[in-house]
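J.: Pasting the sequence and the predicted model now:
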Amino acid sequence: MVPENTPSTSRRLMLACALVASMSAPSLAADKSDFVLGTDGRVRLRGVAMSDFALDGSGFEHHQRQYATALLRLRGYLLMPKDFQLHVGLQILDGQFLGDESRVGGDAIHRPWRNTPVSDQLLLRELWMQVPVGIGMLRLGRMPSHWGLGLLANGGDEDASPFNDVTHGDIVNRVVLITRPLQPFSLGRASKALHLLIGADLVERDELTDWEAGDRAWQVVGGVLWREQALDLGVYVAHRDLERRNDATIKATAFDLYARWRSELGGRYRLETSFEGAAIIGETDEFRFEGAPATVDIRQFGAVARATMKDLGGPMDYRLELGFASGDNDAQDATLRAFRFDPAYKVSMILFDEVLGRASARGYDRVTDPGLSGTPPPGIERSPTQGAVTNAVYLAPVVGATGLGGRLRGMVGTLLAFAPGDVVDPYASAAAGGFNRNAWGKTNAHGFLGWEGQLGAEVRVQHGSSLEARIGVQYGVFVPGAALASGEGQDELGVIHKVRLLTDLRW
């Protein structure tokens, strides 16, 4: 999901056509046999104020205390008889436009902490059609790629955390067949619930691939999904063959299990539980460290379990999420073990996005600085986490209350996070002779990552059935744990505060 260069003339023309199409008309009521032309979209503005804090043991700070970001996406669709469909989606804004800037991470950061030209944010996210083919539906064109909770494949449209915003998303050029294989046999409930999908992708951009920058990734995908009102249960498999712009290759297969169950408890509570677990197995020659073989194995695992409960007779609701992403205590052996959630999957306000995301970007800067170190090791541009959850076990409960007919909402949440493996900074570890060190110089930097507290309040206004606006404010505080402590004589991280002002409009 690397920001794109200024679009070419042909690409500008395609984006302009998409914009005209997506703004064509509001939704029109119609029978199923008629044409339906409609639009939807969202505008998101965020103002952020945050503590300055040291990104490494030298005391280097990020210096980005106040800034503002914006998101603007528009989508148009045409529904035709017999399940023909046409969809167009355009992203106009998704990045920072005002305030303090940070150059940490340079071009290795997919969503830079600096004011970004609109041309670098403009993206044709969707241009696809659906065609009935007798045994099912064929979808072809450019589209977001999303599965389950978004742990592995995340289209960048569904917020995972009430205290953070989804950003970017995986975009693929895809051909996929979706069918109900038992429907011709009329086997009752199973004929409607069982879905099969199989397809092929040319990946446009995600956390591993950027087509415009020269990466080439082909992917085959398949899945089986049981979908009913109370239950979703599915298995997803994707095999990718990626050739990077530097001629490095990655060949890997991802396996993903997803489940969601909904029920009511005694007519008083609505309970929804969900789970997604993923494993990635493959090999790559991108990380050719001294002493490592020509190719190294990929063995990575991650999972999320979530439960939400709503009091149907009162204002309260409850949410509990437990997550795990494998770590890697030896980054230079023959196996890559550190799993990363898709960066669009957000968990908290501060720890993963701000602390670990910025510190890993600073580590990349120091390793690639000719004045500080020698030749950077291959694959070092992958070291910034991009804010993704990695090497972590976390618990995130949230309690919310809604009043005044749904117009006023308050939330309180917390995050407790632990690192199963060492938190490793590439520069600090190299300076210590190859022994693991975190960015602040501590050895054996595993265990308790820290504690985060969160508060939020917002006002929501609904106009009709299709227009919703909200304004709100959120506050977070992060207290680092032993895994993020500093070594002797090194600057420490300290307590971090963050405030976000929120404005949203959806239609």
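T.: Right, received. Where do you want to start? The structure displayed is predicted, hence computed values, not measured ones.

J.: Please tell me how far the nearest residue to residue 52 once chain neighbours are set aside sits from residue 493.
T.: In this structure, residue 52 finds its nearest non-sequential neighbour in residue 61, 4.6 Å apart by Cβ to Cβ, 6 or more residues apart in numbering. (Each C-beta comes from the backbone N, C-alpha and C, glycine too.) Counting by Cβ to Cβ, to the nearest Å, the gap from residue 61 to residue 493 is 11 Å.

J.: any shared contact partners between these two?
T.: Jointly contacting residue 61 and residue 493 under the rule Cβ atoms under 8 Å, 6 or more residues apart in numbering are 53, 54.

J.: More neighbours: the two, which one.
T.: More neighbours surround residue 493 than the other of residue 61 and residue 493, with 23 against 18 (other Cβ atoms under 10 Å).

J.: Am I right that that one falls within a strand?
T.: No: read with DSSP: H, G, I helix; E, B strand; the rest coil, residue 493 is coil and lies in no strand.

J.: wouldn't it be in contact with residue 482 here?
T.: No: in this structure, residue 493 is not within contact of residue 482 by Cβ atoms under 8 Å, at 11.5 Å.

J.: got the contact list for the residue nearest in space to the middle of the chain?
T.: By Cα atoms, centre = their mean, the mean C-alpha position of the chain lies nearest to residue 344, the distance being 1.1 Å. Taking Cβ under 8 Å, 6+ apart, we find residue 344 in contact with 1, 150, 154, 155, 156, 166, 167, 168, 169, 170.

J.: Burial check on the last one, number of neighbours?
T.: If you count neighbours by other Cβ under 10 Å, residue 170 ends up with 27.

J.: isn't residue 304 right next to residue 339, touching?
T.: No: counting by Cβ under 8 Å, residue 304 sits too far from residue 339 to count as a contact (11.4 Å).

J.: Count residues in the vicinity of residue 129, would you?
T.: 15.

J.: Quick check: phi and psi at it.
T.: Backbone torsions for residue 129, taken as degrees, to the nearest 10, come to phi -130, psi 150.

J.: before we move on, back to that, ok, so of the contacts of residue 344, who is nearest residue 430?
T.: residue 1 (27.7 Å; Cβ to Cβ).

J.: Break down the stretch 1-150 of the chain into its helices, ranges please.
T.: 9-22 (DSSP state H, counting those that start in this stretch).

J.: now do the stretch 301-450 of the chain
T.: Using DSSP H, counting those that start in this stretch, helices in the stretch 301-450 of the chain cover 357-368, 426-431.

J.: Reformat these into CSV and put mean pLDDT next to each item.
T.: Written out in CSV, the entries for the helices of the stretch 301-450 of the chain read as follows (pLDDT from 0 to 100):
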stretch, mean pLDDT
helix 357-368, 96
helix 426-431, 91
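
J.: Generate JSON lines for the ones you listed, with mean neighbour count and distance to residue 75 as supplementary columns.
T.: Formatted as JSON lines, those follow (neighbours: other Cβ atoms under 10 Å; distance: least, Cβ to Cβ, whole Å):
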{"stretch": "helix 357-368", "mean neighbour count": "23", "distance to residue 75": "29"}
{"stretch": "helix 426-431", "mean neighbour count": "22", "distance to residue 75": "40"}
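
J.: Quick check: mean pLDDT of stretch 452-466?
T.: Mean pLDDT, stretch 452-466: 94.

J.: Stretch 495-507 too?
T.: On average, stretch 495-507 scores 97.

J.: switch to numbering from 549
T.: In the new count, where the first residue is 549, that last one comes out as stretch 1043-1055.

J.: Any buried residues in it, and which?
T.: 1044, 1046, 1047, 1048, 1050, 1052, 1053, 1055 (16 or more other Cβ atoms under 10 Å).
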